[in-house]
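# return a 3D structure for these sequence lines:
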Amino acid sequence: TLEDRALKICNCNKTIALDAKALGAALKLTQPIQMHTELCRKEVGSFQESLKDEACVVACTQEAPLFSEIAQTANAPTQLKFINIREHAGWSKEGAQAMPKIAALLALAELPEPESVPGVSYQSSGQLLIMGPTEAAIAWADKLAEQLEVNVLIMSSRGGELPAERRYPVWSGKVKSVKGHLGEFEVVWEQHNPIDLEVCTRCNACIHACPEQAIDFSYQIDMDKCKAHRECVKACGAIRAIDFERAERERSERFDMVLDFSAQPLIRTAQPPQGYLAPGADPLKQALAAGQLGQMVGEFEKPRFFAYNEKICAHSRSSKVGCNQCLDVCSTGAIAPDGDHVKVDPHLCMGCGGCATVCPSGAMSYAYPRVPDLGARLKRVLSVYAQAGGKDACLLLHNAGESRTLIAKLARRGKGLPARAIPLEVHHPASIGIDVLLAALAYGAGQVAVLATPKEAAEYGDALEKQMGFAETIANGLGYGGTHFRFLATDEHAVLEKEIWALAPAASVAKPATYNLSPEKRTTLDFAIDHLAKQAPKPQEEIKLGAGAPYGQVLVDKQTCTLCMACVGACPESALVDGRDQPMLKFIERNCVQCGLCERTCPENAITLAPRLLLAAQAKQEVMLNEAEPFNCVRCGKPFGTRQMTPLKFQPPEVPEDGARAGYYALLARLFYSGPDAALLATIGGADEIAIGAEQSALADAWNKLAAAARVMEAEAARLEYDEILVGTGKAEVTPYASYYLADTGREKILARLRGELAGWGLARSGGAHEPEDHMAGLFDVMRHLISLGSEDAALQMQQGFFDRYIARSYPGFCGAISKSEKANFYKHVAHFAESFLLVETEALKVF
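Numbering: from 1, shown residues only. Now for the predicted structure:
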């Protein structure tokens, strides 16, 4: 607490209206505050005395360098913290009313430093590539060659001349790509000129030989002048630096830094990577850029600004793209698609936090500071402000650079900040998402204003204002009147003054929240929304939100939904769940992030999204979207399919071999539809061991291993294993649909073709039936039916055609995925047996 620290308060030559007694009471101090007038001058001895304490809080940032130097000179181990109460509070038109704000700002010194974050390292040995026109590139190469390892890539040779001494490598060509960051750039270019400068000896023979004078002292051929006499080739002779028919044109090299003199930068992200400087043709900008290069040699470290949990990322599933928000907002090109997820290059990330702000699930989170650390600051400053008598708190979040300077300029040249406007520093304004905004309201803030520079606004303003729009809709919908969120984009103190003083107070909660913020975004949002709803002037059960909101419902057309559960498999947030052994589709609305993956995955186009915030209790409960009455298997009695489905009437096969085949297919259908019960395990385990013969050794071995596994397997463990692998909580680890493994054809086309065939055989679904026809268990059941039709050539051809179209190319991927699962114990033997049996089937059916 502040009680345990030396507290140095100065009224800066009496320019700040400070009441020591009232301030001490606001901070709940037992000892009186000593008020200073010239702490940095005549009263500096008082500060020196405080260096005997373990910690010291100085209410001045202007003289922080002086006080730090004094402490360093004295070798004092005292922990120093500096708080700006002058520009942030005292120097204001309302400075006399700013005591609650001053107390709140000072109270921040009580908080521990945020937990450190992992670092990201750079190593640069000084390998520099200068790209651009010959004249500028060579001139700067000569200047920098003494201090850096210079390399030159000439992109335009006109008007330039190579140096007489070969002090550094020189190439020429057209750049195809520049990728990377400080210490690890890769540049790819195409050698488009016949003269290879790396091989050229600069003997000038080609210059003298060229009848068109198409070659100058840049040692490049002007192809507009060249008449293809090839005299230069003859003059070059054995050196062979000139080749008009060069086969290998593409080249690449790695560098630590890149100095790009192109008219348009080759890396065009809003924030280029560290180590890449693109001053263009402006001599002053070129000089300034060159001056920075020497500071980029050595080892460097920066914070890893983000954390990423791919398990809840809603970017993509099965090649269907859902959420792209982090990709769209990133201004550095640090984020790229990576299959179902995204990947972030920490070396390219500059720490804006925009990705975490727009991420609806919280898969991408900000770590500098983490939300719980920022929440602790919000909670502390707002509680002390309120306890000290402050009202209508308006948080003003700003960066540590231009925006902090702008606030100081406003205090010096204008009216300063209103007494209720509490400035808080963050690394980047784009990191403030809807979770922080609503949490601030729950903690008692009436408003949150975010101050950004015009450059920051151009990159992130739309995203931040969109988040503020959702938060405002929620606050207003609950009856909290007024404007609670404002994005201020300016670098002029007069504009800031006008905007911040014109901001009228807005309604706030009667009782501030006391919980701490969670590292999980959705948990923080749940707490904030629930608190605001409980305190709401106008309680609501539902608030309509705009498109792109992180909350909403999923609407299902029951007439077209087949309960195939593709949406369940696609949902990354466990918002859509199935009925386990029952044909049901259920929905937990509070889990839904409105990513749209379910809508894009649904083969029947039966799903639409409806953004809203549901505040009723059912938002966190499973709600039935669609269901059908199950149909029990005629053999085992287990639910399989639905009551409306046309039952298959199986006839006993006449050929004993076909009886075995039908039995195997029946067993696989049963095992892949649901976990085995005790009776089935006993049946499998009690079967006679098959003698391993030469012809079917693999199949016999697979059956014997399956039987052995069944003998030691408990039914409940087998059921749980099945559920974990083929059902899952929201998303199965292994997809049980054949169309998933038939990548060359869309699922809709496969289902349409399959339905047509089944209809032609009299197996069409009746109206309202709900069954995914391409479920592997269902396909095995159909094969059993086809075997029951007999062994005539026509029947065998039906079996072969069906097997080839739907099973032969899907079972290797399906069984392979189960075998690779770390959770597979019993089912790895089931998959091995299935593979062995179906391999035999593949060979046997080839003859028809």
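# how near is the nearest residue to L671 once chain neighbours are set aside to L699?
Of all residues not flanking L671 in the chain, V830 sits nearest, at 5.3 Å (C-beta to C-beta, 6 or more residues apart in numbering). Glycine gets a C-beta too; all of them are placed from N, C-alpha and C. Applying C-beta to C-beta, to the nearest Å, the value for V830 to L699 is 14 Å.
# which of those two has more neighbours?
V830 (26 against 20; other C-beta atoms under 10 Å).
# tell me how far whatever helix or strand the more buried one lives in is from the chain's mean position?
In the assignment (DSSP states H and E), V830 maps to helix 827-845. Its chain's average C-alpha position is 40 Å from that of helix 827-845, according to C-alpha atoms, centre = their mean, to the nearest Å.
# other SSEs contacting that helix?
Contacts defined by 3 or more C-beta pairs under 8 Å, 6 or more residues apart in numbering; DSSP states H and E place helix 827-845 against helix 656-673, helix 697-711, helix 715-722, helix 793-802, helix 811-820.
# so the closest residue to P537 other than its chain neighbours: helix, strand or coil?
Spatial nearest neighbour of P537, chain neighbours left out: G479 (3.4 Å); criterion: C-beta to C-beta, 6+ apart. The three-state assignment at G479 reads coil, by DSSP: H, G, I helix; E, B strand; the rest coil.
# now for G479: which residues touch it?
Each residue near G479 by C-beta atoms under 8 Å, 6 or more residues apart in numbering is listed here: 507, 536-539.
# show me the shaky parts of the stretch 601-750 of the chain.
Counting by pLDDT under 70, the stretch 601-750 of the chain has low-confidence residues at 629-656, 688-696, 728-731, 743-746.
# ranges for the strands of the stretch 451-600 of the chain?
Assigned by DSSP state E, counting those that start in this stretch, the stretch 451-600 of the chain shows strands spanning 485-489, 542-544, 552-556, 576-579, 582-587.
# which one of those strands lies closest to G813?
Closest approach to G813 among the strands of the stretch 451-600 of the chain (C-beta to C-beta): strand 576-579, 21.9 Å.
# doesn't M35 make contact with K21?
No: contact criterion C-beta atoms under 8 Å: K21 and M35 do not qualify, at 9.6 Å.
# looking at the two, which one has more neighbours?
Neighbours were counted for K21 and for M35 using other C-beta under 10 Å; M35 has more, 17 against 10.
# give me the phi and psi for the more buried one.
phi -90, psi 130 (degrees, to the nearest 10).
# pull the contacting residues for the nearest residue to it once chain neighbours are set aside.
Closest residue to M35 apart from its sequence neighbours, by C-beta to C-beta, 6+ apart: A20 at 4.5 Å. When contacts are counted by C-beta under 8 Å, 6+ apart, A20 is found next to 9, 32-35.
# that older thread, the residue nearest to L671 touches I818, doesn't it?
Yes: proximity of V830 to I818 meets the contact threshold set by C-beta under 8 Å, at 7.4 Å.
# that older thread, now neighbour count too, for the contacts of G479, in CSV please.
Below are those laid out as CSV (neighbours: other C-beta atoms under 10 Å):
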residue, neighbour count
A507, 18
A536, 16
P537, 11
K538, 10
P539, 11
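# so which of those residues comes closest to Q799?
Within the contacts of G479, distances to Q799 taken as C-beta to C-beta reach their minimum at P539, with 63.6 Å.
# doesn't L532 make contact with the closest one?
No: look at P539 against L532 with C-beta under 8 Å: they stay out of range, at 10.3 Å.
# tabulate the contacts of G479 (JSON lines), appending pLDDT and distance to L451.
Listed next are the contacts of G479 as JSON lines, based on pLDDT from 0 to 100; distance: C-beta to C-beta, whole Å:
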{"residue": "A507", "pLDDT": "98", "distance to L451": "23"}
{"residue": "A536", "pLDDT": "98", "distance to L451": "29"}
{"residue": "P537", "pLDDT": "98", "distance to L451": "29"}
{"residue": "K538", "pLDDT": "97", "distance to L451": "31"}
{"residue": "P539", "pLDDT": "97", "distance to L451": "33"}
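# and the closest residue in space to R522 that isn't next to it in sequence, which of the three is it?
Nearest residue to R522, sequence neighbours excluded (C-beta to C-beta, 6+ apart): G362, at 5.4 Å. Under three-state DSSP, G362 falls in the coil class.
# and G362, backbone torsions?
Torsion angles at G362 (phi, psi; degrees, to the nearest 10) stand at phi 90, psi 10.
# what's the local residue count around it?
Neighbour count for G362, taken as other C-beta under 10 Å: 25.
# do the same with K466
Look at K466: counted by other C-beta under 10 Å, it has 18 neighbours.
# distance of it from Q447?
Taken as C-beta to C-beta, the span from K466 to Q447 is 18 Å.
# for whatever residue is furthest in space from the centre of the chain, phi and psi?
What lies farthest from the middle of the chain is P211; by C-alpha atoms, centre = their mean that is 60.2 Å. The phi and psi torsions at P211 (degrees, to the nearest 10) take the values phi -70, psi -20.
# same question for K409.
Dihedral angles (degrees, to the nearest 10) for K409: phi -70, psi -40.
# surely it touches A494?
No: assessed by C-beta under 8 Å, K409 is found out of contact with A494, at 9.7 Å.
# of these two, who's got more company?
Using other C-beta under 10 Å as the criterion, K409 and A494 rank with K409 on top: 17 against 12.
# what's near enough to touch the more buried one?
K409 makes contact with H493 under the criterion C-beta under 8 Å, 6+ apart.
# nearest spatial neighbour of G481, skipping sequence neighbours?
Leaving aside its chain neighbours, G481 sits nearest to A507 (4.7 Å; criterion: C-beta to C-beta, 6+ apart).
# any idea how far V830 lies from Y722?
Note on V830: its distance to Y722, by C-beta to C-beta, is 9 Å.
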